[in-house]
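K.L.:
Just the structure for this:
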Amino acid sequence: MILVTGGTGLVGAHLLYHLSLKNDRVKAIHRKNSDKQAVKNVFSYFSNDFESLFNKIEWIESDITDVFQLETAFENISEVYHSAALVSFNSSDYHAMSKINIEGTSNIVNLCIAKQVKKICFVSSIATIDKSSNTKDINEEDEWNIEKNKSGYAITKYGAEMEVWRASQEGLNVVIVNPGVILGAGIWRYGSAGLFKKAHKGMKYYTSGSIGLVDVQDVVSVMILLTKSSIKNERFILIAENWNYKEFLQNMSRSVNTSPPEKMASPLLLQIAWRLDWLNHKLRGKRRQLTRQLVISLSSDKSYDNTKIKTYIDFEFKKVNDSIIEIGQLYLKQAQ
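P.N.:
Below you'll find the model as predicted:
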């Protein structure tokens, strides 16, 4: 039997759909008050039989930071896909991210060992990989440098990876995927799907940096292929293409029939913007939209190498522009 954590997130929802097609017996962990309807919506984008496919999933209300709750979910489990995480660029969320991303992952791998799970696939991030060699593109051999990277999200995802590698030393078979920005439909409230919503409202500016992009369908396909294979104790960068932000935001805007941004946000404008965002958060309690670390990310120029995964499983990624067009069409359809 298969266990999926983070089942109501973007990766988790699309993963559950693919697993339901394969007739695998699947349990999915969800938190109290999480949005399972959004998962059903994802199923409905790809199948007219979405109700019966969705009903194949055995939902378990649990919290990955609560070991006692998790023990019930791990009964009769042979494979685990661990995609649950808290994503935030707000420094005030660091302790919550540390608890969920590091402590939660520690709980998951410890139970995998205790319950003799055959294999775990962990969804990490390219945030845990940084340029440390003279190669043109960043690859899996590059080491993350905490002195250069102060993002709380990156720190906690790196800590989560260390828990997974520790478990591999204790005999657990593991594979880790490090996706870039994941493009996918269905979870429109946040993440990359939320960007389509913002693009539909209109964007004035783009930034000077670059971004590694990948379709969620490719991410979950690779996860399943790796987990079902004999490959173990390896990590893989999942990037289809490296784009600049101008190209990305302009194509996204066109996909939802709005005018693309034509002005580049200057460094001064971005510095002012994140400070005003901080002030708005402090005075009005508004959720942070732009932080210092996010400004650094939006302005950095990085390129990632996807050769390793193509070599190991002979995989070809979907073209990014095709993904953007398809997601834009799905967004417009649900926005009507």
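K.L.:
what's the neighbour count on V123?
P.N.:
Applying other Cβ atoms under 10 Å, we find 26 residues neighbouring V123. Glycine gets a C-beta too; all of them are placed from N, C-alpha and C.
K.L.:
which residue packs closest to it, ignoring adjacent ones?
P.N.:
S83 (4.2 Å; Cβ to Cβ, 6 or more residues apart in numbering).
K.L.:
what's F196 in contact with, if anything?
P.N.:
188, 252, 255-256, 327-328, 331 (Cβ atoms under 8 Å, 6 or more residues apart in numbering).
K.L.:
make that G209, sorry
P.N.:
Listed by Cβ under 8 Å, 6+ apart, the contact set of G209 reads 244-245, 297-302.
K.L.:
switch to 10 Å and redo it
P.N.:
G209 makes contact with 244-246, 248, 295-302, according to Cβ atoms under 10 Å, 6 or more residues apart in numbering.
K.L.:
picking that back up, now the contacts of F196 as CSV including neighbour count, secondary structure and pLDDT?
P.N.:
CSV is the format used below for the contacts of F196 (neighbours: other Cβ atoms under 10 Å; DSSP: H, G, I helix; E, B strand; the rest coil; pLDDT from 0 to 100):
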residue, neighbour count, secondary structure, pLDDT
W188, 20, coil, 84
M252, 25, helix, 96
S255, 23, helix, 96
V256, 21, coil, 95
I327, 25, helix, 95
G328, 22, helix, 95
Y331, 21, helix, 93
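K.L.:
can you pull out the helices in the stretch 1-150 of the chain?
P.N.:
10-21, 36-46, 50-54, 67-73, 94-97, 104-114 (DSSP state H, counting those that start in this stretch).
K.L.:
Most tightly packed of these?
P.N.:
helix 10-21 (a mean of 24; mean count of other Cβ atoms under 10 Å).
K.L.:
now it against helix 36-46, angle please.
P.N.:
Using axes from the mean of the first three to the mean of the last three Cα atoms, to 10 degrees, the inter-axis angle of helix 10-21 relative to helix 36-46 is 60 degrees.
K.L.:
how far is helix 10-21 from where the chain is centred?
P.N.:
13 Å (Cα atoms, centre = their mean, to the nearest Å).
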